[in-house]
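In: Structure of the sequence below:
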Amino acid sequence: MKVFRYLAVSVDSIFAHKLRAALTMLGIIIGIAAVLVTVGIGSGAAASITERIESSGTNLLTISAGASRGLSSTSSLTLADADLLADATLFPDIVAVAPQYSSSATVIFGSSEGSYTVVGTTANYATVRNLTVAGGAFLSDAQVAESESVAVIGDTVASDLFGADDPVGQTVRVDDTLFTVIGVLEASGGSGFGSSDSQIYVPLGSAQGRLFNAGRSNGSYAVSSISVQGAGSAVLDALQVQIEQILRLRHRLAAADENDFMIQNQADMLQIASDVSGTLTALLGSIGAVSLIVGGIGIMNIMLVSVTERTSEIGLRRALGAHDGDILLQFLVEALVLCALGGVVGIGLSFAIAQGLALLPAMSYRIVIEPWAVALALAVSTASGFIFGLYPAMRATKLDPIEALRFE
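Out: I've put the predicted structure just below:
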């Protein structure tokens, strides 16, 4: 076939001008690497956000005290609300309920101390929030019922207070109350407010009564939030509406009154994260695509130079009977080969950059270069060769054979 014959001619031409070919491909190489790395950063960020949301629990609804315009000074949620939601006859689609009362406190062990979030909760919390215990055990139903002075600490808390020592069995002071550490959680990889690594978990009654003097409403202790695990993601929307209606009735809210609580749906959070990450990936990819366009223009420029340099060759080929299609195919194949080789090298470079960035301590997530992105990069580089090589190839077909033979 003619394509394979001209493919060999193109390779010979490229190797005959190695430096020029390398510099020509450099634009495509940088463009492809830029697109893949930037899109990989967006995909990696999306994967990291999704993992963190999903690590906080599956099929999760979080009910927080306070209206949407801000938290009220007195919690609108009570332990009685949580007990009602735990009633399987009323809410058959709820698998588990875990009320929480949380606040910050100073925690001291020996000469080490720090300020951490202390979460009073129940034994269900570990299941609802997907917590894994690395050593010891999580809170038990009996310890919660008796409001015992026991605590489970996050990985960061354990490192800060105990260093390399085993915290299980040790006693820590939380404000003015002593607690025995019964368990240490596995590192979740999260950071900042809300990360289980920087939290301490105690029985709900201990937090409400001994530590923070929680208020009461209608004889029931206030809670900061309630975590609800649904039977599946398909029931979350309906469950959210049902819970909202029940709580509005319990809190005696009129039809015109705003909710004195907020319900966060994990599925909605995942959708928002997906939308944001998709926009970020498209933005980063479009920025990288600019480099690819510049590289394509470089290909066209060099191919125009090549046509000028090989004018006599073109004239000779046409005098020997070469048709316009033959001339067009020769230069078009050469442009395609340059872009395809540049695309392959660019893909390899992008993986090398991704591996190098992963070694940086400041890189909190990995760059994810998806197979579809690699396939798209090859397709785009080949298309660039066709688009930017077509004009020089067409120009070569328009050369007059007699004038081309006279060209010096």
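In: which strands and helices sit next to the longest strand along the chain?
Out: If you go by DSSP state E, the chain has its longest strand at strand 94-109. Applying 3 or more CB pairs under 8 Å, 6 or more residues apart in numbering; DSSP states H and E, we find strand 94-109 packed against helix 79-85, strand 112-121, helix 125-128, helix 155-162, strand 171-174, strand 199-203, helix 204-205, strand 225-230. In this view, the C-beta of every residue, glycine as well, is placed from N, C-alpha and C.
In: for the ones you listed, which one sits closest to Gly42?
Out: helix 155-162 (28.2 Å; CB to CB).
In: and that closest one, C-alpha only, in PDB?
Out: Extracted in PDB, the C-alpha atoms of helix 155-162 (Å, rounded to 0.1, in the frame of the first residue of the first chain):
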ATOM      1  CA  ASP A 155      -4.100   8.500  65.000                       C
ATOM      2  CA  THR A 156      -2.900  12.200  65.200                       C
ATOM      3  CA  VAL A 157      -3.900  12.500  68.800                       C
ATOM      4  CA  ALA A 158      -2.000   9.300  69.600                       C
ATOM      5  CA  SER A 159       1.100  10.500  67.900                       C
ATOM      6  CA  ASP A 160       1.000  14.000  69.500                       C
ATOM      7  CA  LEU A 161       0.400  12.800  73.000                       C
ATOM      8  CA  PHE A 162       2.100   9.400  73.200                       C
END
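In: ok, now how distant is Gln245 from Ser103?
Out: 30 Å (CB to CB, to the nearest Å).
In: which of the two has more neighbours?
Out: Neighbours were counted for Gln245 and for Ser103 using other CB atoms under 10 Å; Ser103 has more, 14 against 10.
In: quick one: that one and Asn213 touch, right?
Out: No - under the criterion of CB atoms under 8 Å, Ser103 is not in contact with Asn213, lying 10.0 Å apart.
In: And the helices and strands packed on strand 94-109: which comes nearest Asp93?
Out: Proximity to Asp93 (CB to CB) singles out strand 225-230 among these, at 5.7 Å.
In: after that closest one, next one along is what?
Out: Using DSSP states H and E, the helix or strand that directly follows strand 225-230 along the chain is helix 236-250.
In: got a list of contacts for that following helix?
Out: Contacts to helix 236-250, defined as CB atoms under 8 Å, 6 or more residues apart in numbering, come from residues 59, 61, 63, 80-81, 84-85, 90-91, 93-94, 228, 230, 257, 259, 261, 263, 265-267.
In: For Ser111, grab the count of nearby residues.
Out: Residues near Ser111, counting by other CB under 10 Å, number 6.
In: I meant to write Ile41 there.
Out: When neighbours are defined as other CB under 10 Å, Ile41 has 23 of them.
In: Also the one 4 residues further on?
Out: By the measure other CB under 10 Å, the count of residues near Ala45 is 21.
In: Does anything pack onto the helix or strand that contains it? Which helices or strands?
Out: Per DSSP H and E, Ala45 falls inside helix 18-55. Applying 3+ CB pairs under 8 Å, 6+ apart, one finds that helix 18-55 makes contact with helix 266-309, helix 324-358, helix 371-397.
In: pLDDT averaged over it, what's the number?
Out: Averaging pLDDT along helix 18-55 gives 76.
In: Could you identify the helix or strand that succeeds that helix?
Out: Remark: after helix 18-55, the chain's next helix or strand is strand 60-65, criterion DSSP H and E.
In: which residues sit against stretch 336-348?
Out: Here stretch 336-348 makes contact (CB under 8 Å, 6+ apart) with 7, 10-11, 14, 21, 24-33, 36, 295-296, 299, 302, 374, 377-378, 380-382, 384-386, 388-389.
In: Send me that stretch as CSV with only the CA atoms.
Out: Output of stretch 336-348 as CSV, limited to C-alpha atoms (Å, rounded to 0.1, in the frame of the first residue of the first chain):
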residue,chain,number,x,y,z
LEU,A,336,1.3,12.3,11.1
VAL,A,337,4.5,10.4,12.0
LEU,A,338,6.0,13.5,13.7
CYS,A,339,2.9,14.0,15.8
ALA,A,340,2.4,10.4,16.6
LEU,A,341,6.0,10.0,17.8
GLY,A,342,5.7,13.2,19.8
GLY,A,343,2.4,11.9,21.3
VAL,A,344,4.1,8.7,22.4
VAL,A,345,7.0,10.5,24.0
GLY,A,346,4.7,13.0,25.6
ILE,A,347,2.6,10.2,27.2
GLY,A,348,5.8,8.7,28.6
